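*Asks:* Sequence first, predicted model second:
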Amino acid sequence: MIIEAIHDYYNTPRDKKRVVGRYYASEISSIIKGYITTGNYFTQRIADKKGQANMFRGSAMEDHLVKVLKEQKVEFTTQDPIELKIKDFVISGKLDFNFKDYIVETKCPENITNGVPDKWKCQMECYYRATNKKVYLGIFDKVGEHIIRFFPYEPSDLLWEEIKTKISDFHRRLKKKYE
């Protein structure tokens, strides 16, 4: 019963429905790399057991970090929405942790990293452009001696131009196909 509930939780469509003209910062890299295409954009992706476990652990760790920071009276907000208006489309997202001078985007990957992997740079670039704050990747350490490790993201004008160009092209093709 519990296992089925977890599977259903991560594989039941929610309010995060995809629409033409609104693209999630967390999916920009997948669009650019071709994992998300105009042909599968509206198809729900099923989370396998590893994906479910990573999302479950990450959510639990993120929720507990919120509790710890609040109890310690650290000033921050969480899940703040952001929007970047570019031409006739929007890139949106929610900030995991928004502090006065910086943002922390948390992840709980299967494999520990020692820097900011390419797969998360587009999301972090969007958060930087939306807030003009320093952005850090916070990796929850599931097996080591650290609870969370932080890696600074270095903004890139070149990556920002690539995001705008490639998402503009994707948006144009998606509009042509579905509108």
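*Replies:* Alright, I've got the coordinates.
*Asks:* Now do the helices in this protein.
*Replies:* With helices called from DSSP state H, the chain shows them at 2-11, 28-33, 49-71, 118-131, 157-178.
*Asks:* Would you mark the buried spots in the second one?
*Replies:* The one in question is helix 28-33. The neighbour-count check on helix 28-33 (16 or more other C-beta atoms under 10 Å) flags Ile28, Ser29, Ile31, Ile32 as buried. (Each C-beta comes from the backbone N, C-alpha and C, glycine too.)
*Asks:* pretty sure Ile6 is touching Gln52, no?
*Replies:* Yes. Ile6 is within contact range of Gln52, at 6.0 Å (criterion: C-beta atoms under 8 Å).
*Asks:* ok so, going back, looking at the helices of the chain, which has the lowest confidence?
*Replies:* Ranked by mean pLDDT, those end with helix 2-11 at the bottom, a mean of 82.
*Asks:* which residue sits closest to the residue nearest in space to the middle of the chain in space, ignoring its chain neighbours?
*Replies:* Centroid-nearest residue in the chain, with C-alpha atoms, centre = their mean: Ser26, separated by 3.2 Å. Closest residue in space to Ser26, ignoring its immediate chain neighbours: Gln123 at 5.1 Å, by C-beta to C-beta, 6 or more residues apart in numbering.
*Asks:* closest to Ile148 out of the helices of the chain?
*Replies:* When these are compared by C-beta to C-beta, helix 49-71 sits nearest Ile148, at 7.1 Å.
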